[in-house]
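J.: Here is my input, please return the structure:
(chains A and B)
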Amino acid sequence: MGKGEVLVEVRDLCKNFGVTVALDHVNMQIKRGEVRGLIGENGSGKSTVTTIIAGIQQATSGEMFYKGKPWKPQTSLEAVKAGIGIIVQEMGTIPTISVAENIFLGDYDKFRTGIIINRHKMVAAAQKALDDIGVTDIKAGDITAKYNMEQRKLIEIAKVMAHEPEMFVVDETTTALSESGRTILYNLMHKAAAEGKAVVMISHDLDEIMEHSDTLTVLRDGVIIDNIEKKDFEANDIKQKMIGREVGGNYYRVDMDGYEEDKVVLKADCITTMNNLLCFDLELHKGEILGIGGLSECGMHDLGRALYGLDEVIDGEVRLTKNNIKITSSEIAFAHGMGYVSKNRDTESLVMNASIGDNIASTGYKENRGFGPFISNKKERQYQQLQVDSLAIKCVNVFQPVSALSGGNKQKVVFGKWLAADSDVLILDCPTRGVDIGVKAAMYQLIYDMKKAGKSIVLISEELPELCGMSDRLLIMKEGAVTGEFFRKEGFDNNALIDCMI
Amino acid sequence: MSQKNELTHDAPKLTLVDRIDIIKNHRLFPVIFPLSMLVVIFLIFIVLTGGRFADTRVLTGVFNQSLIVATMATAVAFIYSTGNIDISVGNVMGLAACLGALAYQVTQSMTVMIVVTMAVGIVLMMFNCVLGLVFNVKSAMVAIVAMSVYGAITSVLVGAEPIGVDFKACKVLEGNFRYIAFVLYFVVCLLAFSRTAIGRKLRFIGGNENCAEQTGINRKKAIATSYIFAGIGVGLAGVFQVLRTGNVAQTIGSGMGMDVMLATVLGGMSIFGGAKSNTFAGFVGAVTVTVLNTGLLMIGVPSTLIQGFRGVFFLILVFLNSERQKTLPSRQQF
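T.: This next block holds a predicted model:
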């Protein structure tokens, strides 16, 4: 049980998804008593390597050793029983069953006498598991659907911890947790490490991972670039290793350029919707990046939908001033030069099983016409290829389905689609959600370029640094109304912003 | 760049499964696979029948038989590509042909018969569409109800005796008219589907309705368009049916909706619609079904067993067509 002893070893691990190489001869040792951080861009292979260790998927080739013996789990249950747990990035609970059933999913045998499962015993054991990790506001007997996303994540954590793992993986879990939830998780991680167990932590948040891990492994394109000890942690160095090139410490815009304050392009006049908004006013100017911030339920996402005609405006109106067009549907909005990037990339912004090219070309049916109503192959191909090239989308060719791409590259396809459309007014709802810093930097540059080209942008975001870094003007919302307006030229005061939010 | 090459060079060998996957995901796979299947099956039957299968008369028979199903299968491809399913097309065709034949009895004019049949086909398909779009009933539900309603109306109108259409007049039109009409319709569909915004929008809706809406595509307009195209095809199939048999019987078109669905799947199209939809699938599929039926009969397989063969083919193709998840389930957004 000695600290520093190798618990899991991975040798020459490779994983292919079709032609895509996700892991390329990865070697790694995870030792008892350490919190190992894994960091890398989207698609670098972080989740792939950990899910293979935890039995969720199998490697294409290579060996693994656990406690010195060959390790080749076929299912995650096998891994759990052997002492390897994983808190996955996706939602890992089933909403329609009870909390206790979720915690002991697939492992009901120990509560069974004959064919009957002792529910009472299971609920008691589940409640103890929740208590053990310090969660007191969840009842193990309740239906899981009753609880919100954060609480469900805590249930998952209890589920993993209930099996007393020798090693557990925390895969980008903290994004779903609030401050108190994070504290619970961090404490669990450090306690486990202190007890001579091993923890692997995956996160996009550089500050978080630098604070909580002892050793950091940097992955890029399925290859381990470096292992860094805590004493050598240095943010810019890590970023550079992740991306493979130098990035400035500050990737937001640094200019103080203004916008055409007297030229309104989009105007919402006392709009009321069935979702959150009551007599809401907004003016967007030419060349302006208008940031909208607030807590997640403050109505800013609904505002984005209403502006683009996706939510019905039951009173008041949204108007594009250029041709005095009233926006009543997304069809009208799109036809008059508006664009919209949803916060739900996979379910709303892309057709997953369609090709990269088809997704990009979806905004250009009109523009790419050749003869009469017929679409010109050549024009369409250029339309697609231009975006793939200028955004450096990592793909084999434009015929590859977007489902095969990593998160950051998928988001690039979404951006490409709207860049190609050359929209005058863009509504971006959390455009950098779930993408790594390399892609983020590229997105910020694109947003800035669009502003420079005289486009107007509504940037809705849950991340304050992003809003402060990019906006010309920033509106903070709370309960469907604007509680504060701030200007770039006056400088943004974080505390004042937060005060308006809560 | 050299680093990239090293990476690919060093990458692990592809397994057989990977290779099959790559082939399956090739963009031309849905075109080439059903066609090559058809060719292979065709060649097998030529061998098994000692060349009798390649006889011109047999081939003409096969072609004539598949023409009606092919027309309808081409038509429903528009509907299927948006993820909607309509199995009532057989009965729509039946009722259209029935009213067309009645119109002929009144006017003794082939032109009137053709116009009425086509018009009824389009109107009935539009009626299905309106029920689905305006009242938000699932298209499959509408189709199930429509199937029995149209079937009932047809059998009441026809009665015990088939409605006759002058056989001589039919013979005049049976040959070239049919071929020209079919080719014309087929080419228009092919162009509209693969070369204009209409087909692209339909596939996009089938792939992700939300995304289509956010890209400014009007779902209702697009789906209505798909039903109009389908209606034209179904009406045309009704005309072909009348010309072929010279009369309209009580049971005309019943069960044909399922045949059309089978042909579509055999042709390589997914019944769930989306990105890989096309319009020629139905044609290839219809020919394949007919070749299978005729060929198996010719080598002496009892017709009851043929149903079984068709079932096995259906399963294999649905299996090849369905998408299975190879990676982790897609990231749920919080």
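J.: which SS state does whichever residue of the stretch 101-250 of chain B sits closest to chain A fall under?
T.: Closest residue of the stretch 101-250 of chain B to chain A, CB to the nearest CB: B:Gly216 (2.3 Å). Quick note: C-beta positions are derived from backbone N, CA and C, even for glycine. Classification of B:Gly216 by DSSP: H, G, I helix; E, B strand; the rest coil places it in coil.
J.: so who does B:Pro30 touch?
T.: With contact taken as CB atoms under 8 Å, 6 or more residues apart in numbering or on different chains, B:Pro30 is in contact with B:Gly268, B:Met269, B:Lys276, B:Asn278, B:Ala281.
J.: The residue sitting nearest the centre point of chain B: helix or strand, and which one exactly?
T.: Nearest residue to the geometric centre of chain B (CA atoms, centre = their mean): B:Ala73, 1.6 Å. If you go by DSSP states H and E, B:Ala73 is part of helix B:56-80.
J.: ok now that helix, how far from the chain's centre?
T.: Here helix B:56-80 is found 8 Å from its chain centre; the criterion is CA atoms, centre = their mean, to the nearest Å.
J.: that older thread, please name the nearest non-neighbouring residue to the residue of the stretch 101-250 of chain B closest to chain A.
T.: In this structure, B:Gly216 finds its nearest non-sequential neighbour in A:Phe334, 2.3 Å apart by CB to CB, 6 or more residues apart in numbering or on different chains.
J.: From A:Gln411, how far out is B:Val265?
T.: Look at B:Val265 and A:Gln411: by CB to CB, to the nearest Å, they are 35 Å apart.
J.: So which of the two has more stuff around it?
T.: A:Gln411 (27 against 24; other CB atoms under 10 Å in any protein chain shown).
J.: Helix, strand, or coil at the more buried one?
T.: Classification of A:Gln411 using three-state DSSP returns helix.
J.: And the pLDDT at it?
T.: Looking at A:Gln411, its pLDDT stands at 90.
J.: does stretch A:309-325 come close to chain B?
T.: Yes - contact of stretch A:309-325 with chain B (CB under 8 Å from any CB of the partner chain) involves A:Leu310.
J.: what's the average pLDDT for that stretch?
T.: In this model, stretch A:309-325 has an average pLDDT of 92.
J.: Off-centre distance for it?
T.: 30 Å.
J.: Please list the residues of the stretch 351-500 of chain A that sit near chain B.
T.: Residues of the stretch 351-500 of chain A lying near chain B by CB under 8 Å from any CB: A:351-355, A:358, A:361-363, A:365-366, A:369, A:373-375, A:399, A:401, A:403, A:407, A:417, A:433-434.
J.: Which of these are buried? Put it as a PyMOL command.
T.: The following PyMOL line selects those of those that are buried, judged by 16 or more other CB atoms under 10 Å in any protein chain shown:
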select buried, chain A and resi 351+352+353+354+355+358+361+362+363+365+369+375+401+403+407+417+433+434
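J.: if we can go back for a sec, pull up the gap between the residue of the stretch 101-250 of chain B closest to chain A and A:Thr363, please.
T.: 8 Å.
J.: can you list residues touching both of these two?
T.: Shared contacts of B:Gly216 and A:Thr363, defined by CB under 8 Å, 6+ apart, are found at A:Phe334.
J.: which stretches of the chain have low pLDDT?
T.: All of this is about chain A. Low-confidence segments of chain A (pLDDT under 70): A:1-2, A:18-20, A:42, A:89-91, A:245-250.
J.: Sorry, I should have been clearer: chain B.
T.: Along chain B, segments meeting pLDDT under 70 span B:1-14, B:25, B:27, B:320-334.
J.: now the strands for it?
T.: B:163-164, B:247-248 (DSSP state E).
J.: same check, this time on the stretch 251-400 of chain A
T.: A:260-273, A:280-286, A:289-294, A:313-320, A:325-326, A:338-341 (DSSP state E, counting those that start in this stretch).
J.: Could you dump those into a markdown table and include mean neighbour count and distance to A:Asp109?
T.: As requested, the strands of the stretch 251-400 of chain A are exported to a markdown table (neighbours: other CB atoms under 10 Å in any protein chain shown; distance: least, CB to CB, whole Å):
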| stretch | mean neighbour count | distance to A:Asp109 |
| --- | --- | --- |
| strand A:260-273 | 17 | 51 |
| strand A:280-286 | 19 | 55 |
| strand A:289-294 | 26 | 47 |
| strand A:313-320 | 17 | 55 |
| strand A:325-326 | 14 | 63 |
| strand A:338-341 | 26 | 47 |
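J.: Good, we can wrap up now.
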